[in-house]
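*Asks:* Predicted model and sequence follow; I will ask about them next.
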Amino acid sequence: MPPAFPERAAWGTASSLRAWQQQALELYFRPDTESGPRDFLAVATPGAGKTTFALRLARELLHRRVVTALTVICPTEHLKRQWAESAERVGIKLDPEFKNAQGRTAKDFDGVAVTYATVAAHPALHRGRTENRKTLVIFDEVHHAGDGLSWGDAVREAFEPAARRLALSGTPFRTDINPIPFVMYEEGPDGIRRSRADYTYGYGPALADGVVRPVIFLAYAGEMRWRTRAGDEITATLGEPLTQDQTAQAWRAALDPKGDWIRQVITAADRRLTEVRRGMPDAGGLVIATDHDTARAYAKMIRSVTGQGATVVLSDDPSASRKIKHFTGSEDRWMVAVRMVSEGVDIPRLAVGVYATSTSTPLFFAQAIGRFVRARRRGETASVFLPSVPTLMGHAAEMETERDHVLDRSVREDGLDDDLLAEANRERDTKDVIGEELPFETVEASAQFDRVLYDGGEFGMQVAPGSDEEEDFLGIPGLLEPEQVTQLLRQRQAEQFAAQRKRTASEPDDPSAGRTAAEDIHALRKELNGLVGAWHHRTGQPHGVIHNELRRTCGGPPAAQASGEDLRKRIAKIRDWATRRGA
């Protein structure tokens with residue numbers, strides 16, 4: 001048996017590898033496995049360096065002649081080329097342009113990089129290639145092999161004969177009924193099967209090691225008004241308790257380029273990017289859009305807000321890879337994309353993001369946030385702007401949660417049915433025909449800074465966009481150690497609460513004097529939300545729980561439909577709580 005790592009130069013010295021990469025390699029080549037296990041699943045947080053680990057492992061297996069060929073399976077066309085470029089740097093030649101029609105690649109190459117879709121189109125061809133040479137197969141973001149029975153069956157057929165299989169994932173696995181090929185599952189005490197990783201390196205340990213950046217989430221609420229297909233006009237406020245259907249519709253209204261919400265959030269994000277660039281001169285921003293039309297509209301909006309154009313990357317654009325590569329090496333401020341950069345694409349300078357998509361699954365959220373966390377040096381922070389939607393707030397608060405792939409469970413765990421969002425975003429015929437339902441139409445959408453989420457905590461209270469209080473949070477330096485971020489957020493919050501108390505003490509006995517009824521309702525909602533935010537920070541209770549308790553004790557409908565009298569009762573009640581607690 002050859003000694004473990006017979007020539008460390010073949011795969012890199014310890015100093016050239018991160019600690020987790022070295023540990024994972026040593027686990028793979030532990031003495032009792034001789035030349036390593038046939039199947040190995042490595043789960044590492046986005047930005048940790050899974051590609052580097054996989055290629056060092058591949059080079060060692062090639063060096064030992066355990067394998068003589070390499071096949072890398074990727075989710076997208078762009079990632080094929082990214083893998084080939086990374087492999088070239090460690091002396092492995094991959095053909096990223098291989099097509100099924102070719103049958104085989106040139107002898108100049110050590111292997112190929114293909115997509116899951118390419119394999120699914122002709123699994124027998126790839127099985128033949130795998131049987132002809134001792135092959136290591138690397139599954140990049142292996143959960144894609146479980147996207148459907150046809151893909152899973154194709155992957156299993158094509159690569160069952162492989163000499164070695166390395167599965168990689170950087171995101172929390174979903175809950176479904178499709179087992180992922182070549183992944184081991186174990187049944188727990190609850191009778192539910194879960195995937196078993198051979199090595200796991202989560203966001204929490206990576207943050208402690210300085211491998212990834214800390215993420216500051218800036219949540220924006222706001223009042224939305226829309227007209228339904230039936231012609232009814234509905235008003236709701238993001239950041240307040242809503243039904244799932246109301247949340248889906250209000251979320252769509254917020255992201256609608258016709259409203260002011262997304263423009264105000266992009267404006268705030270650009271101000272944040274300017275601040276971050278004081279310490280990271282090449283820092284870039286990314287807006288993740290729901291579809292192609294809104295992506296183009298957001299790009300026009302960025303030009304009008306900043307005076308500079310944005311790189312637009314669409315999945316059906318043949319020049320998408322070239323655009324991503326150019327943006328990666330440039331100092332341009334903004335990119336707008338739909339799904340092309342949501343997974344795997346490496347743009348280390350991305351530091352500010354706008355989550356302007358209605359996709360709510362933990363899987364996609366983790367993929368998207370993963371674009372901003374790759375650290376280049378200690379002190380860099382990432383800032384992501386979000387709609388104040390409970391599902392997204394939950395995902396943001398659980399950044400460090402490690403998840404396995406769960407089988408046998410049909411109940412969703414993310415709190416919001418994506419089908420509702422799909423229905424809210426479905427395109428319909430807009431012809432004004434008598435008797436035909438009218439399409440969804442955004443009437444008004446305005447933004448309001450809600451709060452900051454960081455390291456499981458929440459900071460700040462609702463204030464108007466463009467206010468000094470909002471600027472306090474947008475102006476947090478872009479180069480800070482994690483503990484400095486926490487300290488500064490606490491300081492900003494204390495200053496905001498002090499200013500709020502001072503304003504409250506100086507208000508006249510009748511603060512509604514001179515205001516219209518609509519202005520009065522808006523002001524009361526803002527005041528109530530601010531008090532709820534303050535109570536949350538004192539007690540740790542979620543905002544929704546506080547709103548529901550106020551409604552239970554004071555009566556009336558949800559805050560979005562509550563009258564001025566209802567809102568005043570709730571304001572008085574929560575102030576009474578604060579007084580009693582202080583006493």
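*Replies:* Alright, I've got the coordinates.

*Asks:* quick one, helices of the stretch 151-300 of the chain?
*Replies:* 203-208, 244-255, 261-276, 292-306 (DSSP state H, counting those that start in this stretch).

*Asks:* contact partners of the first one?
*Replies:* For helix 203-208, the external contacting residues (Cβ atoms under 8 Å, 6 or more residues apart in numbering) are 20, 44-45, 47-48, 212-214, 373, 399-400, 482. All C-beta spots, glycine's among them, are computed from the backbone N, C-alpha and C.

*Asks:* what does stretch 82-95 give?
*Replies:* Counting by Cβ under 8 Å, 6+ apart, 12, 51-52, 55-56, 58-59, 62, 70, 72, 74, 96, 105-106, 108-113, 140, 344-346 sit against stretch 82-95.

*Asks:* mind listing what's buried in that stretch?
*Replies:* 82-84, 86-87, 92, 94-95 (16 or more other Cβ atoms under 10 Å).

*Asks:* now the end-to-end length of it.
*Replies:* Here the two ends of stretch 82-95 are set 11 Å apart, with distance taken as Cα to Cα, to the nearest Å.

*Asks:* ok so, going back, any of the contacts of stretch 82-95 buried? List them.
*Replies:* Buried among the contacts of stretch 82-95 by 16+ other Cβ under 10 Å: 12, 51-52, 55-56, 58-59, 62, 70, 72, 74, 96, 105, 109-113, 140, 344-346.

*Asks:* Please point out which parts of stretch 245-253 sit buried.
*Replies:* Buried residues in stretch 245-253 (16+ other Cβ under 10 Å): 246-253.

*Asks:* As PDB, could you dump the C-alpha coordinates of the helix or strand in which Leu386 is found?
*Replies:* Assigned by DSSP states H and E, Leu386 belongs to strand 382-387. What follows is strand 382-387, C-alpha atoms only, in PDB (Å, rounded to 0.1, in the frame of the first residue of the first chain):
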ATOM      1  CA  ALA A 382     -21.100  41.300   3.200                       C
ATOM      2  CA  SER A 383     -24.400  43.300   3.100                       C
ATOM      3  CA  VAL A 384     -27.600  41.800   1.700                       C
ATOM      4  CA  PHE A 385     -30.900  43.800   1.400                       C
ATOM      5  CA  LEU A 386     -34.100  41.700   1.900                       C
ATOM      6  CA  PRO A 387     -37.800  42.200   1.900                       C
END
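
*Asks:* and the angle for it with helix 244-255?
*Replies:* Put simply, strand 382-387 runs at 120 degrees to helix 244-255, going by axes from the mean of the first three to the mean of the last three Cα atoms, to 10 degrees.

*Asks:* Direction-wise, compare strand 382-387 with helix 261-276 and give the angle.
*Replies:* Angle, strand 382-387 to helix 261-276, by the same axes, to 10 degrees: 170 degrees.

*Asks:* For the contacts of helix 203-208, give me TSV that also has pLDDT.
*Replies:* TSV is the format used below for those (pLDDT from 0 to 100):
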residue	pLDDT
Trp20	96
Ala44	92
Thr45	89
Gly47	86
Ala48	90
Val212	90
Arg213	91
Pro214	91
Val373	90
Met399	71
Glu400	59
Pro482	85
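
*Asks:* element containing Phe497?
*Replies:* helix 482-506.

*Asks:* Packing partners of that helix?
*Replies:* Packing partners of helix 482-506 (3 or more Cβ pairs under 8 Å, 6 or more residues apart in numbering; DSSP states H and E): strand 448-454, strand 457-459, helix 468-474, helix 517-539.

*Asks:* quick one: which of these is nearest Leu392?
*Replies:* Nearest of those to Leu392, taken as Cβ to Cβ: strand 448-454 at 9.5 Å.

*Asks:* got the contact list for that closest one?
*Replies:* 214-223, 238-239, 268, 388, 393, 396-397, 458-465, 467, 469-470, 473, 485-486, 489, 526, 529, 533.

*Asks:* Turn the buried ones among these into a named ChimeraX selection, would you?
*Replies:* Of the contacts of strand 448-454, the buried ones can be selected in ChimeraX as follows, counting by 16+ other Cβ under 10 Å:
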select :214,215,216,217,218,219,220,221,222,223,238,239,268,388,393,396,397,458,459,460,461,462,463,465,469,470,473,485,486,489,526,529,533
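
*Asks:* residue boundaries of the helices in the stretch 301-450 of the chain?
*Replies:* All helices of the stretch 301-450 of the chain, identified by DSSP H, counting those that start in this stretch, fall at 320-329, 362-369, 390-397, 418-425.

*Asks:* and Gln264, which of these is closest to it?
*Replies:* Proximity to Gln264 (Cβ to Cβ) singles out helix 390-397 among the helices of the stretch 301-450 of the chain, at 17.6 Å.

*Asks:* Tell me the helices and strands packed up against that closest one.
*Replies:* Applying 3+ Cβ pairs under 8 Å, 6+ apart, one finds that helix 390-397 contacts strand 215-227, helix 362-369, strand 382-387, strand 448-454.

*Asks:* worst average pLDDT in those?
*Replies:* Mean pLDDT is lowest for helix 362-369 out of these, coming in at a mean of 84.

*Asks:* Return the distance of it from the chain's centre.
*Replies:* Offset of helix 362-369 from its chain centre (Cα atoms, centre = their mean, to the nearest Å): 3 Å.

*Asks:* Same question for stretch 153-173.
*Replies:* 24 Å.

*Asks:* how about the CA coordinates for it, as PDB?
*Replies:* Backbone C-alpha positions of stretch 153-173 (Å, rounded to 0.1, in the frame of the first residue of the first chain) are rendered in PDB as follows:
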ATOM      1  CA  ASP A 153     -31.900   7.600 -12.800                       C
ATOM      2  CA  ALA A 154     -29.600   9.000 -15.600                       C
ATOM      3  CA  VAL A 155     -26.800   9.800 -13.100                       C
ATOM      4  CA  ARG A 156     -27.100   6.400 -11.500                       C
ATOM      5  CA  GLU A 157     -26.900   4.600 -14.900                       C
ATOM      6  CA  ALA A 158     -24.100   6.700 -16.200                       C
ATOM      7  CA  PHE A 159     -21.700   6.600 -13.200                       C
ATOM      8  CA  GLU A 160     -22.500   3.300 -11.400                       C
ATOM      9  CA  PRO A 161     -19.200   1.800 -12.900                       C
ATOM     10  CA  ALA A 162     -17.000   4.700 -11.700                       C
ATOM     11  CA  ALA A 163     -13.900   3.800  -9.900                       C
ATOM     12  CA  ARG A 164     -14.300   6.800  -7.500                       C
ATOM     13  CA  ARG A 165     -17.200   9.300  -6.900                       C
ATOM     14  CA  LEU A 166     -16.900  12.600  -5.000                       C
ATOM     15  CA  ALA A 167     -20.100  14.400  -4.200                       C
ATOM     16  CA  LEU A 168     -19.900  18.100  -3.200                       C
ATOM     17  CA  SER A 169     -22.600  20.400  -1.800                       C
ATOM     18  CA  GLY A 170     -22.400  23.900  -0.400                       C
ATOM     19  CA  THR A 171     -26.100  24.400   0.500                       C
ATOM     20  CA  PRO A 172     -28.600  23.000   2.800                       C
ATOM     21  CA  PHE A 173     -30.400  20.100   1.200                       C
END
